[in-house]
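Asker: the following block contains a protein sequence and its predicted model.
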Amino acid sequence: MKKRRLRKKPIKRGLRRPFEWLGILLGMAVFSSLPHGLLFRVCDFVSAVMYFFDRAGRSVALFNLRVIEGVYPADRDIKAPHETPPTRREKLILRRSYRNMARTVGHLFWTSRKAGPRARSVADFDSNCRGILAANKPIVTVSGHLGCWEVLSQLVHLEGHKMMSVAKDVGSPAMTRLLMRSRKSIGQEIVPAEGAFRVLMQGLRDGYDLGLLVDQVVKAKEGGVWVRFFGRPMPVSAAPAFFAAKGKVPIIVAWSRPLKDGTYRCDRLDLIPSESARDVWGCTQRCLAALERVIRRHPSCWVLNYRYFRKVPSAAELAQLEDREAKARVQKGMKVA
């Protein structure tokens, strides 16, 4: 049965690839030419179509939403069927999450032309975030697939920082190169995830800020560490803590909040000094905790249809996580005392 599912995956990718190419080419040709208001209307239509047809994605999104809101316990299997269909309120949140994702992708294509002026016209930092960036060059910026994550690194670059971000492969190598070219349009450096470590370390030494997203599953053998996210174990990248400690630079955890008028404001969620980053696990857990707080308040701004909790720790990995959590509680108690 498992072998049959593995055989189906290449077939599905092959069938899906022409549509991916069509979407990217249309995005670069059409989205980049639209006024911003019309761009959002088109993105909203696309997101409604995606929501209607993406049955599996809707199920994952509902699971994640119910985990966030404490409806599902921490030990519930993501593959278990839902006991009840989504409520009207839950459907609204799921639709808005799809809409936010479509608008973010639309923003990426829209800023493939006149990137600097366009990014400035629709987004800005709050004063606190801007002051931190002005006082720290370089700095490690951390966020998640939350709000318009594309605009965050763009604005950091426009503040006079040399910016280096990581991008995972999407579809074929040619498709990945095309998307990376769009991301590079504003002047930031984009590094492929494969073999990114040395490039990022050298970039930090050369004065580049690093832009990293941490709400993704990263296996331990690929540099991941098990943390607690919404009460559930999840392996995520320890790269922000590692680079901050090695480069002796702080970490700013931030997100770009969508506003009602269609613009974005980038807010600081946490500022972690380089000394604290030496505790790699503690720093990584702190980054996820900062994102968790804002996701609880704004679940529709998060990409809900990603399988965040698909990995289950082994007995040894779970024991290690619980041991680290126990030590962290003891240290916290000692500081309070």
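Answerer: Received it, and whenever you're ready, just let me know what you need.
Asker: count the residues that sit near Leu213.
Answerer: Per other Cβ atoms under 10 Å, the neighbour tally for Leu213 reads 22. For every residue, glycine as well, the C-beta is placed using N, CA and C.
Asker: kindly report the same for Arg130.
Answerer: 15.
Asker: I'd like to know how many residues surround Gln331.
Answerer: Neighbour count of Gln331, defined by other Cβ under 10 Å: 12.
Asker: ignore the last one, Thr111
Answerer: 24.
Asker: for the residue nearest to it when sequence neighbours are not counted, what are its contacts?
Answerer: Using Cβ to Cβ, 6 or more residues apart in numbering and skipping the chain neighbours, the partner closest in space to Thr111 is Arg118 (5.0 Å). By Cβ atoms under 8 Å, 6 or more residues apart in numbering, the contact set of Arg118 is His36, Trp110, Thr111.
Asker: in a markdown table: the residues you listed, plus distance to Glu150, secondary structure and pLDDT.
Answerer: What follows is the contacts of Arg118, written out as a markdown table (distance: Cβ to Cβ, whole Å; DSSP: H, G, I helix; E, B strand; the rest coil; pLDDT from 0 to 100):
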| residue | distance to Glu150 | secondary structure | pLDDT |
| --- | --- | --- | --- |
| His36 | 14 | helix | 93 |
| Trp110 | 10 | helix | 92 |
| Thr111 | 8 | coil | 91 |
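Asker: thinking again about what came up before, could you list the buried residues of the helix or strand harbouring the residue nearest to Thr111?
Answerer: If you go by DSSP states H and E, Arg118 is part of helix 115-122. Neighbour-count burial for helix 115-122 flags Ala115, Arg118, Ala119, Val122 (criterion: 16 or more other Cβ atoms under 10 Å).
Asker: measure the second one to Arg103 for me?
Answerer: From Arg118 across to Arg103, the span is 14 Å (Cβ to Cβ, to the nearest Å).
Asker: let me know the next secondary structure element after the helix or strand of the chain with the lowest mean pLDDT.
Answerer: Lowest by mean pLDDT, DSSP states H and E among the helices and strands of the chain is helix 2-29, with a mean of 53. On the C-terminal side of helix 2-29, the nearest following helix or strand under DSSP H and E is helix 36-53.
Asker: nothing else from me, thank you.
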